[in-house]
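In: Could you look at this predicted model? Sequence included:
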Amino acid sequence: MHTIRLRGPWDYIPLCRTVWTAAGTSQEIDGPVPAAGRLKIPTSWQETLGEDFFGRVRYQRSFHSPTGLTEHDQVFIVIEQLDALGSVTLNGQHLGDIPPGADPTRFEITILLQQRNRLEVVVELPMTDSDSAPLIRPHQEQRAGGLIGEVKIEIQSPSES
């Protein structure tokens, strides 16, 4: 298996503040959001967005299609870990959602690859309070949020299956 790490730079855009409800769903709330910027991952967003930000952030990055692919190769996007909820899109196609604790998560992207590709990962860490349903966050006893694990492309040849 061949691996390409997508460490950076990534653009990030804070979208809104959110709270985890008693019903176990996310709800947007009023409040200012930090400025957009660029970063390398993996990293928690407390370093860029501040200790008090709870909400939804879009991470986006472009990459070229891997070279040397054969018609039998399979290509995957792998999200090793995020905190807490996520949604992944490639070239405008929704690949899937990542629930809390679903680490790592793989999406096959072979047929979606273009010469130049746009990967978007929307990550959400909602605020919780005494009225919130439990929000499962394995490995995260402390404040984090963000793409806290590697994001990578994996190329699998038929001989490796």
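Out: Right, received. Where do you want to start? Residues are numbered from 1 along each chain as shown.
In: first to last residue in stretch 82-95, what's the distance?
Out: Terminal residues of stretch 82-95 lie 16 Å apart, using Cα to Cα, to the nearest Å.
In: Now do the strands in this structure.
Out: 2-5, 10-20, 26-29, 37-39, 55-64, 74-79, 85-90, 93-98, 105-108, 116-125, 151-156 (DSSP state E).
In: So for residue 134, which of these sits nearest?
Out: Closest approach to residue 134 among the strands of the chain is made by strand 10-20 (8.8 Å; Cβ to Cβ). All C-beta spots, glycine's among them, are computed from the backbone N, C-alpha and C.
In: which residues touch the closest one?
Out: 26-31, 33-41, 45, 48-49, 53-61, 122, 124, 126-129, 132-133, 135, 147 (Cβ atoms under 8 Å, 6 or more residues apart in numbering).
In: For the spatially most central residue of the chain, give me its contacts.
Out: Taking Cα atoms, centre = their mean, the centroid of the chain lies closest to residue 121, which sits 3.9 Å from it. Contacts for residue 121 (Cβ under 8 Å, 6+ apart) come out as 58, 59, 60, 79, 82, 86, 87, 88, 89, 147, 151.
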